[in-house]
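Below are the sequence and a predicted model; questions follow.
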Amino acid sequence: MPADSIAVPGLPAEPVDRRRTVGDAAALLARAAAPDRRHLLHGMFWLLVAAGLEALGPLIGKTFIDSYLLPRNAQWPQMAGLLAGALVAGMAASWLRYLQLTRLAGVAMRSVQRIRESVYGHVLRLPMSFFDRAITGQLVSRVTNDTEAVKTLYVQVLFVMLDSVIVLSGAMVAMLWLDWHLMLIVATLVPAVALIVLLYQRLSAPAVTRSRELRSELNAQMAESIAGMAVLQASNAAERFSAKFAAVNEAHYQSRQRELRANAWLLRPVLDLLNVILLAVVIAVFGARDQGAALTTLEVGVLYAFINYIARVVEPLIQITMQFSQLQQAMVGAARVHALLKEAEAPKAAEQGRVTEGGISIDHLDFAYQPGQPVLHDLNLHIEPGSFHGIVGHTGSGKSTLLSLLLRFYPAPPGSIRVDGTPVDAIAEDHFRDRVGLVPQDPFLLAASARENIDMGRGLGDERIEAAAKAAHAHDFILALEQGYATSLGEGGARLSVGQKQLLAIARALAGDPRILFLDEATSHIDSETEQIVQRALTELRGRVTIVAIAHRLSTIRDADRIVVLNHGRIAELGTHAELMAMPQGLYQRLYLLQQLEEEGAG
Ligand SMILES: Nc1ncnc2c1ncn2[C@@H]1O[C@H](COP(=O)(O)OP(=O)(O)OP(=O)(O)O)[C@@H](O)[C@H]1O
């Protein structure tokens, strides 16, 4: 992967376009802050007022010097008035700034909250094809680290910058009013700083982007290793993985070092130097104006005000540049979040099609993940409502692909799959998910109670949950847990046996009251006894629910109404167990006999 890229997880890296990064980050911020626009505008207005009040200080000082101090004009009431005015203006400015910065911090927090929620919601609505490419750890990194970087963008960077720009502008306006020649000299600081920042960006941007990528990679490796801990330890790979982790970590360190080096010499030191040069120039100009003659009364006041204002220009500039390294990181983070949000969501069926009986018809279905590499060829199949169909075939024959298309995880060619006569993509999403259940090979249990694992946030009543558990033959073992349905199952359902997890997953699928139930190798990892329980559950559902089961273990689908044998993406055989066994040299027959031999060998 090239060093300078903003990669969508798992996608080829895109080259960084700095202008696009800034544009993307700005678009994201503006969108997230839009509901708080009124607060933002009010906040900025009052900050401007505060800057105006602050800029009054040196002006009052100048008047004090010019009108009273130098002419030895001791008019106490006026002098006291000026001092009180300076004090009140300063206090009011501080108070206003405090109030507005708190208000803007609130806007920032709410915006980041919105961004995080929308990123998470968006990820949940992405098509399954996205997750073929995505790497979990990297994705998590986007939802957590990168949105955190956006928070920095708001909370620290933008406000410090906004505040600094306003203070700086106030000082510039005051100087313009006092002596525009001198103000022009001070104003040369601004392009000088812009130049420094530009140079800094050039030097550090690739390092910042690289650092974020590497951090994502670290997260990804950590997540992957924890998920595959058993395999990792069993293959004695701990040391090799540690070494790989250390290499990425070292690259991350080097990249951060490059960033920090650019920070260290470009930002504060250069600006401090500029400050000194500028003060010298302004004083020299004063000195040169009258060829060394003593300063007039008027000039002393102006000089006092200018020296004050220069500090007020330099300090915000230092603040702004100091924020640039953070800004750089945050921009990249924001652009990465933006890129993720731009990923197209899975299309939602606008139509209101319904699943009624649960009949499926497949007509001339062709499918390829990648153009030119077809996986399914001209599939034709009619599945009666309430029937039980088994799908078998060699590995890679296209069983899971067919199931993914039936489940709408990938779009099938228009009209090639119909449910109860309605094209599958024209059935309303919520209704479809309610009426079509899935029992995957890996049951995927949440670290939650048995009840919550069946409910999956659908808000189902106890009665329905228990009925589903009974139908799945899970009720008894759930009741035997110490707190019954309220028992927490631990991460990934660690407290249950593999078979129990699978029964729970069946209960979950049945709780939605499906008309169609898909099982994807649901019996591969369970013992024969549990398999028999699953078979019993399926038998009881027959006639009420259409069942389509991919089975590696052929005994699971022995009693199916029909068995579909896939071979290289084509239907090679179709019939009942008895019919297929009777086919001379049949594929199913061979698979079945082979499995029996294996089982006998194992037994
Ligand atoms: N997400 C994907 N992207 C690209 N190609 C894929 C994807 N999933 C599967 N394939 C390819 O499609 C073909 C069929 O795979 P599929 O998973 O449907 O087979 P299967 O019969 O379910 O195999 P198994 O019994 O091993 O699960 C294979 O050649 C596989 O490499």
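Received it, and whenever you're ready, just let me know what you need.

C-alpha only now, for contacts and for neighbours.
Will do.

Next, count neighbours for Val150.
Counted with other C-alpha atoms under 10 Å, residues neighbouring Val150 total 29.

cool, Ala194 as well?
Ala194: 13 surrounding residues under other C-alpha under 10 Å.

Show me which residues of the stretch 351-500 of the chain are close to the ligand?
Tyr369, Val375, Thr395, Gly396, Ser397, Gly398, Lys399, Ser400, Thr401 (C-alpha under 6 Å from any ligand atom).

again, only using 8 Å
Taking C-alpha under 8 Å from any ligand atom, the part of the stretch 351-500 of the chain that reaches the ligand is made up of 368-370, 375-376, 392-402.

which of the residues you listed count as buried?
For these, a burial check counting by 16 or more other C-alpha atoms under 10 Å picks out Val375, Leu376, Val392, Gly393, Ser397, Gly398, Lys399, Thr401, Leu402.

Closest to Ile383 out of those residues?
Nearest to Ile383 among those: Leu402, at 13.5 Å, using C-alpha to C-alpha.

Now the closest one. Nearest residue, chain neighbours left out?
Among residues not flanking Leu402 along the chain, Leu376 sits closest, at 7.7 Å (C-alpha to C-alpha, 6 or more residues apart in numbering).

How is that neighbour assigned, secondary-structure-wise?
Per DSSP: H, G, I helix; E, B strand; the rest coil, the local secondary structure of Leu376 is strand.

any idea of the pLDDT on the residue nearest the centre of the chain?
Nearest to the mean C-alpha position of the chain, by C-alpha atoms, centre = their mean, lies Val143 at 3.0 Å. Listed pLDDT for Val143 reads 78.

what's the distance between it and Asp132?
Separation of Val143 from Asp132 (C-alpha to C-alpha, to the nearest Å) stands at 18 Å.

ok, now Leu178?
As for Leu178, its distance to Asp132 is 65 Å (criterion: C-alpha to C-alpha).

Repeat that for Ala335.
Taken as C-alpha to C-alpha, the span from Ala335 to Asp132 is 22 Å.

Can you tell me the SS state at Ile391?
strand.

Tell me if I'm right that it and Asp561 touch.
No - proximity of Ile391 to Asp561 does not meet the contact threshold set by C-alpha atoms under 8 Å, at 11.3 Å.

quick one: which of those two has more around it?
Ile391 (27 against 17).

Could I get the contacting residues of the more buried one?
Listed by C-alpha atoms under 8 Å, 6 or more residues apart in numbering, the contact set of Ile391 reads Lys399, Val548, Ala549, Ile550, Ala551, Ile563, Val564, Val565, Leu566.

what packs against the helix or strand hosting the third one?
In this assignment (DSSP states H and E), Ala549 forms part of strand 546-550. Secondary structure elements in contact with strand 546-550, counted by 3 or more C-alpha pairs under 8 Å, 6 or more residues apart in numbering; DSSP states H and E, are strand 388-393, strand 516-520.

Do the helix or strand following it and the ligand come into contact?
As assigned by DSSP H and E, the chain's next helix or strand after strand 546-550 is helix 554-557. No - looking at helix 554-557 against the ligand by C-alpha under 8 Å from any ligand atom, there are no contacts, and the closest approach is 12.5 Å.

now what about helix 554-557, what contacts it?
With C-alpha under 8 Å, 6+ apart, helix 554-557 has contacts from His389, Gly390, Val392, Thr523, Glu531, Gln532, Gln535, Ala549, Ala551, Ile563, Tyr592, Gln595.

who's in contact with the third one?
Counting by C-alpha under 8 Å, 6+ apart, Val392 makes contact with Lys399, Ile550, Ala551, His552, Leu554, Ile563, Val564, Val565, Leu566, Tyr588.

May I see the buried residues of stretch 572-586?
Using 16+ other C-alpha under 10 Å as the test for burial, stretch 572-586 gives Glu573, Leu574, Gly575, Thr576, His577, Leu580, Met581.

Quick check, pLDDT for the last one.
Going back to what we said before, that points to Met581. pLDDT for Met581: 89.

Helix or strand: which one has the closest residue in space to it that isn't next to it in sequence?
Nearest non-adjacent residue to Met581, counting by C-alpha to C-alpha, 6+ apart: Gln589, 4.9 Å away. Using DSSP H and E, Gln589 falls within helix 587-602.

Fine, thanks again, bye for now.
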